[in-house]
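Participant: sequence and predicted structure below; questions after.
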Amino acid sequence: MLHEIDISNYFDLGLPLIDVRSPGEYSKGHVPGAMNIALFSDDERAHIGTVYVQQSQEKAIELGYHYANPKRSWYIDEARKIAPDGKIVVHCWRGGMRSRLFAQHLHDNGFSDVHIIVGGYKKYRNYVLNSFAEEANIRVIGGYTGSGKTLVLKQLQKENHQVIDLEGLANHKGSAFGAFGFNMQPRTEQFENNLFEIWRKLDKKKPIWIEDESIGIGTVFIPRPLFLKMRSAPLYFLDIEREIRAAFLVNDYTNLPIESLANSFQKISKKLGSDNVAKAIDCLNRSDLFSAAMIALVYYDRSYSKGLQSHNSLFTVFIPSKTTNPIENTRAILEQYGKHQ
């Protein structure tokens, strides 16, 4: 049987999802977990589009069948791998001809329960972006670079608190040194989709812990409605001495090639100053990572202080700490949270 469903209903079905758009459309951004069985290749889709514009819709449809017909058995074989029980959801860009023809083909070849998302991926994207405007109980963990904020998030998660690790989703720590230890960053569109996959499952009435970030994390951007929530949310600021944080950074970056660290210093040369960059690189060449970290923190502390001024928090609580130990700092943050309930 064929069913038309809204994107809001898809998440309750728990069925496999097939994205029939071209590989290029899929790679730009897709529903997390969706499998791509492209009705047309990128070149085929481009050709069909050209014929549509230069000739007619009828000619474009005819060309589409020309490309699709030889692959009809392959479509079925690939779909069977994804949904051996014959129950599946299908979508294309706007829930138009591509998904409907594909779904009908599955139904005609033994798939018993086929769902088509009305409005397709476009409707999904609107649903994703609108969701970040929902009211939510955001709690922000702040602190200068090297405070171990990400480790605190992981500790909170271990203790069954709701957490969003924006840097983990972005594959970047947000600084000139932030790409180390990560794979390539997703595009902003896919970052938003992946973020939504976590966001939609959270209880918005309960605290959601997020690390303080700029709106841009490397090459991706936090959805503006969520970012504005973060800027006005209660801020728990870990106030840790620079020397302690420098030691933390040394431990974090100690196994990286000196050349890579030196290149990262060069990226902030305009703001750090050429003399300071030269001193930092000299420290790196002498294996004095601590002194290099101290030089970097002068810039990052100043930059973070300016960022604090843009917060419009309900309140900001400064939490002095003599350690970057995540267990101790998590305990201190939760104590302050408890006091302000």
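Facilitator: Good, I have the coordinates.
Participant: bridged to Gly216, which residues?
Facilitator: Beta-bridge partners for Gly216, by DSSP bridges, are Phe221.
Participant: next: Val163.
Facilitator: Under the criterion DSSP bridges, Val163 forms beta bridges with Trp209.
Participant: check contacts around it.
Facilitator: By CB atoms under 8 Å, 6 or more residues apart in numbering, the contact set of Val163 is 153-154, 156-157, 208-210. (Each C-beta comes from the backbone N, C-alpha and C, glycine too.)
Participant: and for Glu192?
Facilitator: Contacts of Glu192 (CB under 8 Å, 6+ apart): 29, 128-129, 223.
Participant: where's the nearest residue to Lys205 once chain neighbours are set aside relative to Glu241, distance?
Facilitator: Closest residue to Lys205 apart from its sequence neighbours, by CB to CB, 6 or more residues apart in numbering: Asn137 at 6.0 Å. Taking CB to CB, to the nearest Å as the measure, Asn137 falls 31 Å from Glu241.
Participant: please identify which of the two sits among more neighbours.
Facilitator: Asn137 (16 against 13; other CB atoms under 10 Å).
Participant: I figured the more buried one was touching Ile210, is that so?
Facilitator: No - Asn137 lies out of contact with Ile210 (CB atoms under 8 Å); the separation is 10.9 Å.
Participant: closest to Arg200 among the contacts of Glu192?
Facilitator: Val128 (8.7 Å; CB to CB).
Participant: give me the average confidence score over the helix or strand hosting that closest one.
Facilitator: Using DSSP states H and E, Val128 sits within helix 120-131. For helix 120-131, the mean pLDDT works out to 97.
Participant: ok, now stretch 265-285?
Facilitator: 90.
Participant: and if you look at stretch 171-187?
Facilitator: Rounded mean pLDDT across stretch 171-187 is 85.
Participant: start the count at 691, not 1, going forward
Facilitator: All set: I'll call the first residue 691, so the last point we hit is now stretch 861-877.
Participant: give the buried residues for it.
Facilitator: Of all the residues in stretch 861-877, those buried under the rule 16 or more other CB atoms under 10 Å are 861-870, 875-876.
Participant: ditto for stretch 821-830
Facilitator: Buried, per 16+ other CB under 10 Å, within stretch 821-830: 821-822, 826-830.
Participant: filter the residues you listed down to the ones in helices?
Facilitator: Judged by DSSP state H, helices contain the following of the buried residues of stretch 821-830: Ser821.
Participant: so can I have a markdown table of the buried residues of stretch 821-830 showing distance to Met787?
Facilitator: Shown next, in a markdown table, are those (distance: CB to CB, whole Å):
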| residue | distance to Met787 |
| --- | --- |
| Ser821 | 28 |
| Phe822 | 31 |
| Ala826 | 38 |
| Asn827 | 43 |
| Ile828 | 41 |
| Arg829 | 46 |
| Val830 | 46 |
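Participant: Gly1028: which of the buried residues of stretch 821-830 is nearest?
Facilitator: Arg829 (12.0 Å).
Participant: the closest one and Leu841: what is the separation?
Facilitator: For Arg829 relative to Leu841 (CB to CB), the value is 16 Å.
Participant: show me what the host helix or strand of Gly858 is in contact with.
Facilitator: If you go by DSSP H and E, Gly858 is part of helix 856-860. By CB under 8 Å, 6+ apart, the surrounding residues in contact with helix 856-860 are 840, 863-864, 868, 875-876, 881, 884-885, 888, 900-901, 903, 907-908, 910, 912.
Participant: neighbouring contacts of the lowest-mean-pLDDT helix or strand in the chain?
Facilitator: Ranked by mean pLDDT, DSSP states H and E, the helix or strand of the chain with the weakest confidence is helix 959-962, at a mean of 85. The set of residues external to helix 959-962 that reach it, using CB under 8 Å, 6+ apart, is 955, 967, 970, 985-986, 988-989, 993.
Participant: for those, which one is nearest Arg784?
Facilitator: Taking CB to CB as the measure, Arg784 lies nearest Ser993 of the contacts of helix 959-962, at 42.7 Å.
Participant: tally of neighbours for the spatially closest residue to that closest one that is not a sequence neighbour?
Facilitator: With sequence-adjacent residues excluded and distances taken as CB to CB, 6+ apart, Ser993 is closest to Lys961, at 7.5 Å. Lys961 has 13 neighbouring residues, counting by other CB under 10 Å.
Participant: for Ile930, give me its contacts.
Facilitator: Here Ile930 is in contact with 833-834, 836-837, 1010-1014 (CB under 8 Å, 6+ apart).
Participant: ditto for Glu849
Facilitator: Thr1020.
Participant: gap between it and Trp899?
Facilitator: 10 Å.
Participant: circling back to that earlier point, going by distance to Pro713, which of the contacts of helix 959-962 wins?
Facilitator: Phe955 (38.6 Å).
Participant: where does the spatially closest residue to Phe917 that is not a sequence neighbour land on pLDDT?
Facilitator: For Phe917, ignoring the flanking residues on the chain, the nearest one in space by CB to CB, 6+ apart is Ile905 at 4.9 Å. In the predicted model, Ile905 carries a pLDDT score of 94.
Participant: how about Ile905, phi and psi?
Facilitator: phi -70, psi -30 (degrees, to the nearest 10).
Participant: that one reaches Pro915, doesn't it?
Facilitator: No - applying CB under 8 Å as the test, Ile905 and Pro915 come out as separate, 11.3 Å apart.
Participant: no further questions, thank you.
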